[in-house]
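J.: Got a predicted model here, sequence first, then my questions.
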Amino acid sequence: MPLAQPRQATDTFTITRTFDAPRDRVWDAWTKPEEFGQWFGPKGFTAKVKEHDLRPGGVLHSCLVSAEGYAMWAKFIYREIQPPEKLVWEHFFSDEQGGVTRHPGHATWPLKLITTVRLSETAGKTTITLTWVTLDATPEEQATFETGMASMHQGWTGTFDQLEAFLKNQ
């Protein structure tokens, strides 16, 4: 059965950041579960990886836990893996069993997104370009996504801050 295709959004969320680390090192931080769990998530959250199977069709199922103990599950289903330059996955909120759920704070947040992470290296530094587009979103979900760009930027900036700290401490 062919995979569903991302909706052609009028707005695609994109964030780019350069890290002072070689691309292979940054790739490992994204693809090794013992490393991913040490940095992934916005500031104030820690990640716990429940399942990780890095292959097309494979799953990353994890939970972000706030300092107050609030848990938020997510699941990735990998679509494309091109070491060490590209990862593509379906991204959605989840429950502990791995089912698709709504965003806990936004009833009209799209159920699924397509995440693309591209890594390029210049002079020993790695630039990550991350994009999000909706997958099979209703018009209301698409509108929620498009009006949430500032919040997404804040969340990914915090996540990249944590990745930067992780890479410096390795």
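T.: Alright, I've got the coordinates. Residues are numbered from 1 along each chain as shown.

J.: neighbouring strands for the helix or strand harbouring residue 128, and are they parallel or not?
T.: According to DSSP states H and E, residue 128 maps onto strand 125-135. The strands that strand 125-135 pairs with in its sheet are strand 13-19 (antiparallel), strand 112-122 (antiparallel) (by DSSP bridges).

J.: Okay, angle between the helix or strand just after the shortest one and strand 125-135 too, please.
T.: Secondary structure here is assigned by DSSP H and E; on that basis, the next helix or strand after strand 13-19 toward the C-terminus is helix 23-31. With axes from the mean of the first three to the mean of the last three Cα atoms, to 10 degrees defining the directions, helix 23-31 sits at 40 degrees from strand 125-135.

J.: which helices and strands sit right next to helix 23-31?
T.: Counting contacts by 3 or more Cβ pairs under 8 Å, 6 or more residues apart in numbering; DSSP states H and E, helix 23-31 packs against helix 33-39, strand 112-122, strand 125-135, helix 149-168. For every residue, glycine as well, the C-beta is placed using N, CA and C.

J.: So for residue 70, which of those sits nearest?
T.: Ranking these by proximity to residue 70 (Cβ to Cβ) places helix 149-168 first, at 14.7 Å.
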